[in-house]
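Novice: Fold the following for me, if possible:
(one chain, ligands or ions: 2)
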Amino acid sequence: MENITLTDYTNYHSGYVALVGQPNVGKSTLMNQLLQIKLSIVTPKAQTTRHQILGILNEPNYQIVFLDTPGLMTPKYKLQELMVKTVHRAVDDADIILFMVEAKDSATAIDRTILDQLIASKKPILLVINKVDAIGKARILPQIDAYRKLHDFADIIPISALNNDGLTVLKEALFNLLPKNPPYYPPDMLTEQPERFFVAELIREKVFQQYGDEIPYSTTVVVDEFKERSGAKDFIRATIFVERLSQKGILIGKKGAALKKVGQTARHSIEHFLEREVYLELHVSVKEKWRDKEGTLRELGY
Ligand SMILES: Nc1nc2c(ncn2[C@@H]2O[C@H](COP(=O)(O)OP(=O)(O)OP(=O)(O)O)[C@@H](O)[C@H]2O)c(=O)[nH]1
Ligand SMILES: [Mg+2]
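Specialist: Ligands and ions are numbered 1, 2, ... in the order given. I've put the predicted structure just below:
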C-alpha cells in the first residue's frame, strides 16, 4: 500500500515570478543559477530565448514558479511579435515581476519603455541590476537613484547571476513578496516542457554560438523523432530550418564540417541534460521566410 503524507501548507508560500527585461541582460542565466540546472539556453547573442520557459524552485517552505521570457524589443517580423506577446502573457500570469537591467555607471541608461509597461500591470516589481561584476557595486549608485525616482520598487537588488552573487538576498526578497498558497506543482517537478523541447533548444544554442550574425536569427530547430531503444542509445532526429538556400550551405560548411561540429557539441549538451547517451542525427532544410509567416511559425512550435 502507498504511504499517503498529508502535508500542512498553512505556512507555505508560492507564486509566479516573471523574468522580464531587454535581450541579453541575463534573465536565463539567473533562472538557471537559481534552479541549479541549465533549463534555459544562454548565449552571448541577444534574443536567444524565444519561448516562455517555466522553471520551478522548490524550497521546504515555498515554491517559486519562474517564467523566463524573451527579451523585450520592438518587433520587426512575426516571430518577434510572438516573442513580445509571450512576455506580456507571462506578466499577466505573474504574481511578482522581476525586472532585470544591466548594471551601468550612468543615470541616463534607463529602461523607461519596458518599465512603464510593467508599472501598468500594477503588480509588485523587483528591480534586479545584473552584471555588477562587470563594473562594481559602488558605481551603480546613480543608476539606482534614477530608478528610485521613477517607481516605488518592492526592492532593488544588485546581483551577478554569472558569479552567483546576491542570489540569496534576491530569494529572500522574493519570498517576502510571495502570497500564501499551497504549491502549484508537485515539489519534485522542475519544469513543464517535454524533453524534446529542451533537445531542440540545445541544438539551437549551438547554432547561436557557432555562427555569425545572420544565421542564428534565421534558424529554428524541430525534433522529428525521439525514440528510446532497448539495448541502444536513444535515437534523436532533428531538422534545422533556415530561410534561404545560401544559409543552408553556410550551416553545413565545407564537407559538412560545420554541421558536424554543431552535432557534436549539441549531443554533448543533450547527454548532459538528459543524463544518458543519445544518438543525434541532424538535417538542414529550407523553409522560405519561416519567421514571417503565421501558419509556418505555428507549425514550427511558436
Ligand atoms: N559579466 C556577466 N555576464 C553575464 C551575467 N549574467 C549573464 N551574463 C552573460 O550575458 C549574456 C546573455 O545572458 P542570457 O542569460 O542569455 O541573457 P537573456 O536576458 O536571457 O537574453 P535573451 O534570451 O536574449 O533575452 C551571456 O553571455 C551571459 O553569460 C553576469 O552576471 N555577469
Ligand atoms: Mg534568455
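Novice: if you skip the residues just before and after it, what's nearest to P142?
Specialist: Spatially, and ignoring its direct neighbours in sequence, P142 is nearest to A107 (4.2 Å; CB to CB, 6 or more residues apart in numbering). Quick note: C-beta positions are derived from backbone N, CA and C, even for glycine.
Novice: Count the neighbours of the one you found for me.
Specialist: 15 (other CB atoms under 10 Å).
Novice: ditto for A134
Specialist: A134 is flanked by 12 other residues according to other CB under 10 Å.
Novice: and if you look at L118?
Specialist: Residues near L118, counting by other CB under 10 Å: 22.
Novice: Repeat that for V42.
Specialist: Neighbour tally, V42, other CB under 10 Å: 21.
Novice: Isn't it up against N32?
Specialist: Yes - counting by CB atoms under 8 Å, V42 touches N32, with 6.8 Å between them.
Novice: Show me which residues of the stretch 101-250 of the chain sit near ligand 1.
Specialist: N130, K131, D133, A134, S160, A161, L162 (CB under 6 Å from any ligand atom).
Novice: Buried only: go through those residues for me.
Specialist: N130, K131, S160, A161, L162 (16 or more other CB atoms under 10 Å).
Novice: Make TSV out of the residues you listed and add pLDDT and secondary structure.
Specialist: What follows is those, written out as TSV (pLDDT from 0 to 100; DSSP: H, G, I helix; E, B strand; the rest coil):
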residue	pLDDT	secondary structure
N130	97	strand
K131	97	coil
S160	98	strand
A161	98	coil
L162	98	coil
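Novice: got these as a markdown table, with distance to ligand 2 columns?
Specialist: Converted to a markdown table, those look like this (distance: CB to the ion, whole Å):
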| residue | distance to ligand 2 |
| --- | --- |
| N130 | 12 |
| K131 | 14 |
| S160 | 16 |
| A161 | 11 |
| L162 | 13 |
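Novice: Would you check how far apart I114 and ligand 1 are?
Specialist: 12 Å (CB to the nearest ligand atom, to the nearest Å).
Novice: Dihedrals phi and psi, the closest residue in space to that residue that isn't next to it in sequence?
Specialist: The shortest distance from I114 to any non-neighbouring residue, by CB to CB, 6+ apart, is to L72 (5.2 Å). L72 has phi and psi values of phi -80, psi 130 when expressed as degrees, to the nearest 10.
Novice: ranges for the strands of the stretch 51-200 of the chain?
Specialist: 53-58, 62-68, 96-102, 125-130, 155-158 (DSSP state E, counting those that start in this stretch).
Novice: Quick check: which of those strands is nearest to Q22?
Specialist: Closest of the strands of the stretch 51-200 of the chain to Q22 is strand 96-102, at 7.4 Å (criterion: CB to CB).
Novice: Packing partners of that closest one?
Specialist: strand 13-21, helix 112-120, strand 125-130, helix 167-177 (3 or more CB pairs under 8 Å, 6 or more residues apart in numbering; DSSP states H and E).
Novice: Would you mind getting the angle between the last one and strand 13-21?
Specialist: What it means is helix 167-177. 120 degrees (axes from the mean of the first three to the mean of the last three CA atoms, to 10 degrees).
Novice: mind listing what T191 touches?
Specialist: L39, I53, L54, G55, I56 (CB atoms under 8 Å, 6 or more residues apart in numbering).
Novice: pLDDT added to those residues, as a markdown table?
Specialist: Listed next are these as a markdown table, based on pLDDT from 0 to 100:
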| residue | pLDDT |
| --- | --- |
| L39 | 97 |
| I53 | 98 |
| L54 | 98 |
| G55 | 98 |
| I56 | 98 |
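Novice: Of the residues you listed, which is the nearest to ligand 1?
Specialist: When the contacts of T191 are ranked by distance to ligand 1 (CB to the nearest ligand atom), I53 comes first, at 9.4 Å.
Novice: hang on, the closest one packs against S28?
Specialist: Yes - in this structure I53 lies within contact range of S28 using CB under 8 Å: 7.4 Å.
Novice: Find the residues that touch each one of those two.
Specialist: Common neighbours of I53 and S28 (CB under 8 Å, 6+ apart) are S40, D68.
Novice: For the protein, give me the ranges with low pLDDT.
Specialist: The model of the chain has pLDDT under 70 over residues 1-6.
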